[in-house]
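Student: Provide a 3D model corresponding to the input given below.
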Amino acid sequence: YQFLFKNFVLSDTDSKGSVTFDQFDHLVELSANAPRSLGLAPPTEQMFRSTGERRAARKKLFDGMDADKGGTISFDEYLKYTVQHIAEKVGSKAAEEPVLTTPKWQTTASAFAPWVRKAIEQPRSEERRELYTFLSDCFMDADADRDGFVNGDEFDFLCEKAAALPRRFGLAPSWRDLYHTVEARQAARRELFLKVDSSKRGTIGMDDWIQYSFGHIEEKVRGMHKETLDFANLPNSGKDKFIAFLKTATSDRKSREFVELYQFLFNNFVIADKEAKGAVTAEQFDLLVELSAAAPRALGLAPKSTDMFKSDAERLASRKALFQGMDKDGGGTISFDEYLEYTIKHIAEKVRSAGGRCPMGFDR
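Tutor: As a prediction, the model looks like this:
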């Protein structure tokens, strides 16, 4: 209440005890600063394409609060609407999941691929600015002696840090696949460093790094797969593509498909780990199964829990038995590696034995 009241007073610039539409626009920005500071609400520039679009949306909201149509809103009108709005937000399904402040393009292949493509193809885009920021952060971390340059020894770390992002999604090979040994990798990096060091001074500046990186990424984008599997929207891909994806993922751990499946399972594990301990309990495991099974269920490839079990008690008993089978040390929790090992093996068996039907039905 105090926070909202203070914002209202600050917006009431003519001290009349109410705010006009122009003042309301500022009031919304002041109030939204709190959730935005925690990554819980998008910035205005991401919500609206222009000032006109923003003002039109705010005018509609203002008119909805202005019950007497007097052209101003009072604090009680603003308070009533805002508390109700916040209550709906925190009570929504999205609010039940932990907030991941990491940008979406750093979390899934389906988000990363179009993001990096746009960053390269549209130099004035927000994606380009984000890519620049990412690459400059890599440079800053690699500049261990803080002299504004990266030397030959630091360059290997710089390349590894930058490459970790596309590797996360199976869009770049691991250094072991490329070089086999640390010595071979470092030798290749020394050779590359000499090419990037266009001034031949023995160090590279951020300008050298950025120019090289954009050129390198542009080349990679041209040969990058245009299609990735979006686990959040599987119906767009269809059953056949999903099953083919799973077959490749479970038969070749070096494939892009395996990395994408790994990422999906990893994200689910993190969400289920409500206590942030790096492991899940039997109770949390029930949520983990539901999160993972949502993918095949979206395509009709796995039954709903309500169709499989007559009651919650029956479901939980079945899940507990499955959990205990994964909990090899009997410690009362399972780690991600235990969950991953079981799940990949389980999916592989399903796509082989069931002809692709019900490929991720964990309970059967």
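
Student: What ranges does the stretch 251-364 of the chain have for its strands?
Tutor: Counting by DSSP state E, counting those that start in this stretch, the stretch 251-364 of the chain has strands at residues 279-280, 334-335.

Student: Pick the most buried one from these.
Tutor: strand 279-280 (a mean of 22; mean count of other CB atoms under 10 Å). Where C-beta positions appear, they are placed from N, C-alpha and C, glycine not excepted.

Student: Show residues contacting it.
Tutor: Around strand 279-280, the neighbours that count as contacts under CB atoms under 8 Å, 6 or more residues apart in numbering are 269, 272-273, 288, 333-336, 339.

Student: what about the strands of the stretch 251-364 of the chain, which gets the closest to His216?
Tutor: For these, the distance to His216 is smallest for strand 334-335, at 36.3 Å, taking CB to CB.

Student: Count the neighbours of Ala109 for me.
Tutor: 24 (other CB atoms under 10 Å).

Student: Kindly state the pLDDT recorded for it?
Tutor: Per-residue pLDDT puts Ala109 at 83.

Student: What of Ala41?
Tutor: At Ala41, pLDDT is 82.

Student: And it, how close does it get to Phe8?
Tutor: 19 Å (CB to CB, to the nearest Å).

Student: try Gly331
Tutor: Using CB to CB, Gly331 is found at 53 Å from Phe8.

Student: higher neighbour count, those two?
Tutor: Neighbours per residue (other CB under 10 Å) separate Gly331 from Phe8, with Phe8 holding more: 23 against 9.

Student: Please enumerate residues in contact with the helix or strand hosting the more buried one?
Tutor: Per DSSP states H and E: Phe8 is located in helix 2-11. By CB under 8 Å, 6+ apart, the surrounding residues in contact with helix 2-11 are 19, 23-24, 26-27, 30-31, 34, 75, 78-79, 82-83.

Student: Would you tell me which of the strands of the stretch 251-364 of the chain gets closest to Asp145?
Tutor: When these are compared by CB to CB, strand 334-335 sits nearest Asp145, at 37.8 Å.

Student: what number of residues lie near Thr20?
Tutor: 16.

Student: Sorry, wrong one. I was asking about Phe214.
Tutor: There are 17 residues near Phe214, going by other CB under 10 Å.

Student: Got the confidence number for it?
Tutor: So Phe214 comes in at 95 (pLDDT).

Student: farthest residue from the center of the protein?
Tutor: For the chain, the C-alpha farthest from the mean C-alpha position belongs to Lys16; by CA atoms, centre = their mean, that distance is 44.8 Å.

Student: show me the contacts for that residue.
Tutor: Lys16 neighbours (CB under 8 Å, 6+ apart): Thr72.

Student: Can I take it that it is in a strand?
Tutor: No: counting by DSSP: H, G, I helix; E, B strand; the rest coil, Lys16 is not found in a strand; it is coil.

Student: before we move on, the earlier item: any idea how far the helix holding Phe8 is from the chain center?
Tutor: Distance of helix 2-11 from the chain centroid (CA atoms, centre = their mean, to the nearest Å) equals 34 Å.

Student: One more: stretch 16-30?
Tutor: Stretch 16-30 sits 34 Å away from the centroid of its parent chain (CA atoms, centre = their mean).

Student: That one: which residues count as buried?
Tutor: Using 16 or more other CB atoms under 10 Å as the test for burial, stretch 16-30 gives 18-21, 23-29.

Student: So which of those residues sit within helices?
Tutor: Counting by DSSP state H, the part of those found in helices is 21, 23-29.

Student: Quick check: pLDDT value at the spatially closest residue to Phe75 that is not a sequence neighbour.
Tutor: Nearest residue to Phe75, sequence neighbours excluded (CB to CB, 6 or more residues apart in numbering): Phe8, at 5.0 Å. Turning to Phe8, the model gives it a pLDDT of 90.

Student: Same question for the one 5 residues further on.
Tutor: You'll see Thr13 listed with a pLDDT of 86.

Student: quick check, it in a strand?
Tutor: No: membership of Thr13 in a strand is not supported by three-state DSSP, which gives coil.

Student: Renumber starting at 109 from here on
Tutor: Understood, numbering begins at 109; the last thing we discussed is Thr121.

Student: Kindly provide the distance from it to Phe374.
Tutor: Taken as CB to CB, the span from Thr121 to Phe374 is 49 Å.

Student: and what of Ile325?
Tutor: From Ile325 to Phe374 the distance is 24 Å (CB to CB).

Student: Same check on Lys226?
Tutor: 25 Å.

Student: ok, now Glu238?
Tutor: Going from Glu238 to Phe374 by CB to CB gives 22 Å.

Student: With Leu302 instead?
Tutor: In terms of CB to CB, Leu302 sits 37 Å off from Phe374.

Student: Ok, Phe247 next?
Tutor: Per CB to CB, Phe247 is found 28 Å from Phe374.

Student: More neighbours: the two, which one.
Tutor: More crowded of Phe247 and Phe374, by other CB under 10 Å: Phe247, with 24 against 15.

Student: would you say the more buried one is within a strand?
Tutor: No: Phe247 is assigned helix when assessed by three-state DSSP, not a strand.

Student: pretty sure it contacts Leu266?
Tutor: Yes: with contact defined as CB atoms under 8 Å, Phe247 counts as touching Leu266 (6.5 Å).

Student: shared neighbours of these two, anything?
Tutor: 258, 317.
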